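# Structure here, sequence nowhere to be found:
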């Protein structure tokens, strides 16, 4: 029987220089960064490392033919746990293990609900970015106590109109939720 040797689990790109294609590339490299939150460097870069060995080599695919990047993911594994117990007036640490779902199972249960290119086809991916930019500008105006300004009303109208365009595209089936499956790759 042949054995495939894999590296460490790499669900979010920590092992390969950080995330390059958040939501299938919708936001591009470095889009998962959170420098203002004072998190550890790897987390602030959006890398979220996993210490488990990879057990599955796969890619996400949808029924419309979109394919994600190759991923090496961990699967079910035992995690160490520590508790304490009081024995003869003294606390002592007690080691245990718990069966934990890996990133393969997490992806299937939480992140495989839709294919990003199907949810944001061109030109709706760019429209989504514009909407978020307008919302960020509205937030800045709110913080500056300029919420009741003509610019905010203009931005609100732009967001509402763009939302109607996206609703229409969803109604027409242009935008749709296409679930992902993970396909093993040798």
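Now that the structure is in, tell me what you want to look at. As the structure is a computational prediction, the values presented were derived from the model and not from experiment.
# Surely residue 60 forms part of a strand?
Yes - counting by DSSP: H, G, I helix; E, B strand; the rest coil, residue 60 is part of a strand.
# tally of neighbours for it?
Residue 60: 22 surrounding residues under other CB atoms under 10 Å. Every residue, glycine included, has its C-beta placed from N, CA and C.
# Neighbours of the closest residue to it other than its chain neighbours, how many?
Distances taken as CB to CB, 6 or more residues apart in numbering put residue 68 closest to residue 60, at 3.8 Å, once the chain neighbours are dropped. The number of residues packed near residue 68 is 20, by other CB under 10 Å.
# wait, residue 68 sits on residue 181?
No - using CB atoms under 8 Å, residue 68 is not in contact with residue 181, being 10.5 Å away.
# Let me know the pLDDT of residue 32.
Per-residue pLDDT puts residue 32 at 56.
# picking up where we left off before, and the gap between the residue nearest to residue 60 and residue 81?
Here residue 68 is placed at a distance of 33 Å from residue 81 (CB to CB, to the nearest Å).
# Helices of the protein, residue ranges please.
With DSSP state H as the criterion, the chain has helices at 41-44, 103-106, 116-119, 124-143, 150-171.
# for stretch 89-103, which positions count as buried?
Using 16 or more other CB atoms under 10 Å as the test for burial, stretch 89-103 gives 102, 103.
# So which residues make contact with that stretch?
Outside stretch 89-103, the residues that touch it by CB atoms under 8 Å, 6 or more residues apart in numbering are 9, 11, 50, 52, 55-56, 73-85, 109.
# Comparing the helices of the chain by mean pLDDT, which bottoms out?
Among these, helix 41-44 scores lowest, at a mean of 54.
# which of the helices of the chain is buried the deepest?
Among these, the stretch with the highest mean neighbour count (mean count of other CB atoms under 10 Å) is helix 116-119, at a mean of 20.
# next one: it to chain centre, how far?
Helix 116-119 sits 14 Å away from the centroid of its parent chain (CA atoms, centre = their mean, to the nearest Å).
# Ok, stretch 118-127 next?
17 Å.
# got it, and stretch 151-167?
26 Å.
# Neighbours of residue 122, how many?
There are 8 residues near residue 122, going by other CB under 10 Å.
# Kindly provide the distance from it to residue 58.
27 Å.
# Please apply the same query to residue 170.
29 Å.
# follow-up on the earlier one: between residue 68 and residue 181, what contacts are shared?
60, 61.
# Identify those among the contacts of stretch 89-103 that sit within strands.
Residues of these located in strands (DSSP state E): 56, 73, 77, 78, 79, 80, 81, 82, 83, 84, 85.
# what's the closest of the residues you listed to residue 165?
residue 73 (36.4 Å; CB to CB).
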